[in-house]
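>>> Compute the structure for the input listed below.
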Amino acid sequence: MSRVFVAEEMSLGRKVVVKVLPHELAASVNIERFRREIQLAAKLQHPLIVPVLSAGVSDGLPYYTMPLVQGESLRARLSKSGELPIPEVVRILRDILSALSYAHEEGVVHRDMKPDNVLLTKHHAMVTDFGVAKALSAATNPGSSLTSLGVALGTPAYMAPEQAAADPNADHRADLYAVGATAYEMLTGRQLFSGRSPQAMLAAQAIETPEPVEKLRPTVPPILAALVMRSLEKHAADRPQSADEMLNVVQGLATPSGGLTPTMSLPVQAQRAKKSRIPVLVGGAAVAALALGAFFFIRNRRESATPLDDARVLVAPFQNKTGDARFDAVGGMATDWVTRGLTETGVVDVAAYIPKRDGRGNVLPEAYDAASIIREARAATAGKVVMGAYYKQGDSLLFQANILDAADGKSLGAVSPSTSLSSAPMVAISAMRARIANALGEMTRSDLGGFSTQDAPPTFDAYKEFLQGEDAFNAGNHTGAVSHYMRAAKLDTNY
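Numbers count the residues shown, from 1 in each chain. All right, here's what the predicted structure looks like:
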């Protein structure tokens, strides 16, 4: 977009980068308006944004200056290495999204996010040229060719469909698409729709679906692969709606339990101490009878030296990774619904998992640890373990699960994530149950998918009442348990 020079600012004795617009762009730009727009970008003050220091005109050519950042561009890094280690991708994405979040809150959209505009220092990634593309677009003279200039101002491999179409309503979500395209390249070593002319590439951005990240690189954590593919949706409304939304997911991956080890899934937190059962709740007094009778479906865990049974599965509790305690009950609901569905198939044997609690009823940390859950599976002679978690993405919940080999703790395969509105989590839970069953069916060469439509899931409120009944029952308060079971049946007569 511009010619780049390194110069020394004599008054301060520091090196700066001077970027000068080429003649072909300068001829189409209203210089005064360009200068005003650049001044808006210069107000950005964030440690991960390379600031604009000054702007001016020399010999009729607009220019702006920025600090000289020591390090290489992400483009140079990709050119040398191809796909990057997943922890490094997460770190770079975290910094990019942090910068975008701040800029978007200040009303500044980048419009030309790409690896060339990301500089890698020793510890951080910094975003450069913020607001420059927008400044050029806003300052374009009416008589210019918007189509050709639009292509010059953006980069086809990273342009959202609405930006490529010069949609005047394109907003900050075009930046999120570009971040997704950048992340796709970091994870797969491939540029979106590479090897095509700029025109063909722009057309592909509008109508073609990229090859899934998880297909090109199966070791990418499912939650990260899903985030990247969602950010590449053609319609802006189908993408994450803010940089903060994406940042929350990426920050979760950056934690020690964030699932960055390719052969391990996210550790899972148990939300409720429940015994394995097949609860079939109906209306009236039968609710109490069947709920109390569910106690006798318990399978006692046992230490055994017998070989692990590949057709025996332990379902670990789903962990609440939303950061919001209001969704704690969803984990118990997901765990139970998956367990119940697998049990009803009659093809796999579901081992009970009862997480240990402290004196106050809180689940002990070992119940969250993948290695501890693997030990529990071995003690129950279960050959496979299902572990899962769920995340908040805007007004939706995203569920992911992984199937582990209890013999060595390695992943046998990640299950495709499922999403639904946070107000209706059973939609995603039911989809996740079917996908886990199908994955296990493929592993055991059995058809486990038929159960998914045999019964409708309960409502969330009804299930919360049921979980409270379970807590009361486990505490020995059978009368209180029956009251909760009755309320559950009243809230959902089909449950």
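
>>> Which parts of the stretch 351-495 of the chain are helices?
For the stretch 351-495 of the chain, applying DSSP state H, counting those that start in this stretch gives helices covering 370-379, 425-444, 460-474, 478-491.

>>> same for the shortest one, what does it pack against?
In terms of contacts (3 or more C-beta pairs under 8 Å, 6 or more residues apart in numbering; DSSP states H and E), helix 370-379 is packed against strand 309-315, strand 382-393. In short, each C-beta sits where N, CA and C put it, glycine included.

>>> With just CA atoms, put the shortest one into PDB.
The reference is to strand 309-315. The C-alpha coordinates for strand 309-315 follow below in PDB (Å, rounded to 0.1, in the frame of the first residue of the first chain):
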ATOM      1  CA  ASP A 309     -12.900 -53.200  27.800                       C
ATOM      2  CA  ASP A 310     -13.000 -51.100  24.600                       C
ATOM      3  CA  ALA A 311     -16.800 -51.200  24.700                       C
ATOM      4  CA  ARG A 312     -16.900 -49.800  28.200                       C
ATOM      5  CA  VAL A 313     -16.900 -46.000  28.500                       C
ATOM      6  CA  LEU A 314     -16.500 -43.500  31.400                       C
ATOM      7  CA  VAL A 315     -18.200 -40.200  30.900                       C
END
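
>>> so which of the helices and strands packed on helix 370-379 comes closest to Pro51?
The closest of the helices and strands packed on helix 370-379 to Pro51 is strand 382-393. By C-beta to C-beta, the value is 31.2 Å.

>>> what's the average pLDDT for that closest one?
Here strand 382-393 scores 90 as its mean pLDDT.

>>> repeat for stretch 308-317
Across stretch 308-317, pLDDT averages out at 90.

>>> check contacts around Met186.
By C-beta atoms under 8 Å, 6 or more residues apart in numbering, the contact list for Met186 reads 74, 78, 83-84, 88-89, 92-93, 115.

>>> can you put the helices and strands packed on helix 370-379 in TSV and add mean neighbour count and distance to Asp59?
Putting the helices and strands packed on helix 370-379 into TSV (neighbours: other C-beta atoms under 10 Å; distance: least, C-beta to C-beta, whole Å) gives the following:
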stretch	mean neighbour count	distance to Asp59
strand 309-315	21	71
strand 382-393	26	50
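
>>> Make TSV out of the helices of the stretch 351-495 of the chain and add mean neighbour count.
As requested, the helices of the stretch 351-495 of the chain are exported to TSV (neighbours: other C-beta atoms under 10 Å):
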stretch	mean neighbour count
helix 370-379	20
helix 425-444	21
helix 460-474	21
helix 478-491	19
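
>>> right, and these - which one's nearest Ala311?
Of all the helices of the stretch 351-495 of the chain, helix 425-444 comes closest under C-beta to C-beta, at 5.7 Å.

>>> what angle sits between the closest one and strand 309-315?
Our comparison of helix 425-444 with strand 309-315, counting by axes from the mean of the first three to the mean of the last three C-alpha atoms, to 10 degrees, yields an angle of 160 degrees.

>>> tell me the angle helix 425-444 makes with strand 382-393.
150 degrees.

>>> How far does helix 425-444 sit from its chain's centre?
19 Å (C-alpha atoms, centre = their mean, to the nearest Å).

>>> Same question for stretch 381-400.
On C-alpha atoms, centre = their mean, the centre of stretch 381-400 falls 12 Å from that of its chain.

>>> what's the pLDDT at the closest residue to Gln70 other than its chain neighbours?
Leaving aside its chain neighbours, Gln70 sits nearest to Thr121 (6.7 Å; criterion: C-beta to C-beta, 6 or more residues apart in numbering). pLDDT, Thr121: 86.

>>> cool, Lys490 as well?
77.
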